[in-house]
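1. any chance you can model this:
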Amino acid sequence: QVQLVESGGGLVQPGGSLTLSCTVSGFTSDYEAIGWFRQASGKEREEVSCISQRDESTYYEESVEGRFTISRDNAKNTVSLQMNSLKPEDTAVYYCATAFITVAHCYEYDYRGQGTQVTVSS
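-> Residues are numbered from 1 along each chain as shown. Presented below is the predicted three-dimensional model:
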């Protein structure tokens, strides 16, 4: 059993920053990676960023590369997503999930948190 709990969402103005945190527990070592995904109202869920639990590999979706940074703190069992230069189109519910990384994508599977709302608006 794996549990993931997100925190850090909120309302921010365009150009602002937020940091999301995902606290993980359980048999997370069974999974290659932990990732962040998002779902905007009326749209399908999409990958945002993932980080390997076995090496330093990371994945970023093209629209967030250079603005978002994913990191993990093994001592605290957290995976964080630092989001800078936020845009209105970043507005969504953000989830962390167990995942795996391929050459071109990051896929979630098995476990997902409840999500945290991020709203970018003036």
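2. now stretch 102-117, how far from the centre of its chain.
-> Relative to its parent chain, stretch 102-117 has a centroid offset of 7 Å by Cα atoms, centre = their mean, to the nearest Å.
3. got the buried residues for it?
-> Cys106, Tyr107, Glu108, Tyr111, Arg112, Gly113, Gly115, Thr116 (16 or more other Cβ atoms under 10 Å). From N, CA and C alone the C-beta is placed, and that goes for glycine too.
4. check which helix or strand covers the third one.
-> What that stands for is Glu108. Element membership for Glu108, per DSSP states H and E: strand 106-112.
5. for the following helix or strand past that strand, which outside residues touch it?
-> Going down the chain from strand 106-112, the next helix or strand is strand 116-120, by DSSP H and E. Residues from elsewhere that reach strand 116-120 (Cβ atoms under 8 Å, 6 or more residues apart in numbering): 6-14, 16, 18, 20, 38, 83, 86-94.
6. list only buried entries from these.
-> 6, 8-9, 12, 18, 20, 38, 83, 86, 90-94.
7. check contacts around the most centrally placed residue in the chain.
-> Central residue of the chain (Cα atoms, centre = their mean): Trp36, 2.0 Å from the mean position. Counting by Cβ under 8 Å, 6+ apart, Trp36 makes contact with Leu20, Cys22, Val48, Ser49, Cys50, Ile70, Val79, Leu81, Tyr94, Tyr95, Cys96.
8. before we move on, the earlier item: so of the contacts of strand 116-120, which ones are in helices?
-> When DSSP state H defines the helices, the subset of those inside them is empty.
9. what pLDDT does the model give Gln1?
-> We have a pLDDT of 85 for Gln1.
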